[in-house]
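A.B. asks: predicted model follows, preceded by the sequence.
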Amino acid sequence: MSGGFSLFEFGVVSIVLSLVSLVFFDKLLTYQEMAEKTAAEVTAINMRAGLRYRVAEMLLNHKENEIAALVGGNPVKWLDTVPPNYLGELISAKWQDIPPGNWYFDVTKGEIRYRVKRTRYFAPGSSGRQMLRFRVTASLKPAKSDASILLAEGVTLTLIEQYEWF
């Protein structure tokens, strides 16, 4: 009796290892997409927080009348640290020119956008584009003196187009 593997045993072990590798690789891709989703959503949360801090600063400095000017602005400007995958402010950016996995501010639309890189579990909104779109919007309230006049009560970073990711 010899001490080595038979050709059949080697084939079985190879097939089992291949299947385990495929399952591992599939899980790895899923975890990478989960990490991308988490990073994108945390960046959006940080932009919301930066906007809140900017509004608070304006309120503390008695500049309430300037809060409405934040609408349509670039929320990356209010972050302490710019995300490493932020391309900057772009005018009339073409979809094919934006590398997947990057943020940019569309100046013409007044939107901060993220182009999704891993799209296996991403379901886009009505545009059909695999991106996240946000805009700084105002919450309005009627003026006490004249209800036909609307005043900016506050601003927030609003998701423009719904999406599903996982």
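C.D. replies: Looks like it arrived, so ask away. Numbering: from 1, shown residues only.
A.B. asks: now the residue nearest to the spatial centre of the chain. Nearest residue, chain neighbours left out?
C.D. replies: Taking CA atoms, centre = their mean, the centroid of the chain lies closest to Ala40, which sits 3.6 Å from it. Excluding the flanking residues, the one nearest Ala40 by CB to CB, 6 or more residues apart in numbering is Tyr114, at 5.2 Å. Where you see a C-beta, it was placed from the backbone N, CA and C, and this is true even at glycine.
A.B. asks: which parts of this structure are helices?
C.D. replies: 7-60 (DSSP state H).
A.B. asks: low-confidence bits of it, can you list those?
C.D. replies: 1-2 (pLDDT under 70).
A.B. asks: which one's the longest strand in it?
C.D. replies: For the chain, the longest strand by residue count, based on DSSP state E, is strand 131-142.
A.B. asks: contact partners of that strand?
C.D. replies: When contacts are defined by CB atoms under 8 Å, 6 or more residues apart in numbering, strand 131-142 is touched by residues 40, 44, 47, 51, 67-68, 70-73, 75, 109-116, 124, 127, 148-161, 163.
A.B. asks: who does it pair up with?
C.D. replies: If you go by DSSP bridges, strand 131-142 pairs up with strand 111-115 (antiparallel), strand 150-159 (antiparallel).
A.B. asks: now the angle from it to helix 7-60?
C.D. replies: In terms of direction (axes from the mean of the first three to the mean of the last three CA atoms, to 10 degrees), strand 131-142 departs from helix 7-60 by 20 degrees.
A.B. asks: going forward can the numbers begin at 801, since that is how I track them
C.D. replies: Let's use 801 as the start, then, which means that last one is strand 931-942.
A.B. asks: please identify the buried residues of strand 931-942?
C.D. replies: By neighbour count on 16 or more other CB atoms under 10 Å, the buried set for strand 931-942 is Met931, Leu932, Arg933, Phe934, Arg935, Val936, Thr937, Ala938.
A.B. asks: can you put the residues you listed in CSV and add distance to Pro884?
C.D. replies: Converted to CSV, those look like this (distance: CB to CB, whole Å):
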residue, distance to Pro884
Met931, 18
Leu932, 17
Arg933, 21
Phe934, 19
Arg935, 23
Val936, 22
Thr937, 27
Ala938, 30
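A.B. asks: circling back to that earlier point, out of the strands paired with strand 931-942, indicate the one that is most buried.
C.D. replies: Highest mean neighbour count of these: strand 911-915, a mean of 23 (counted as mean count of other CB atoms under 10 Å).
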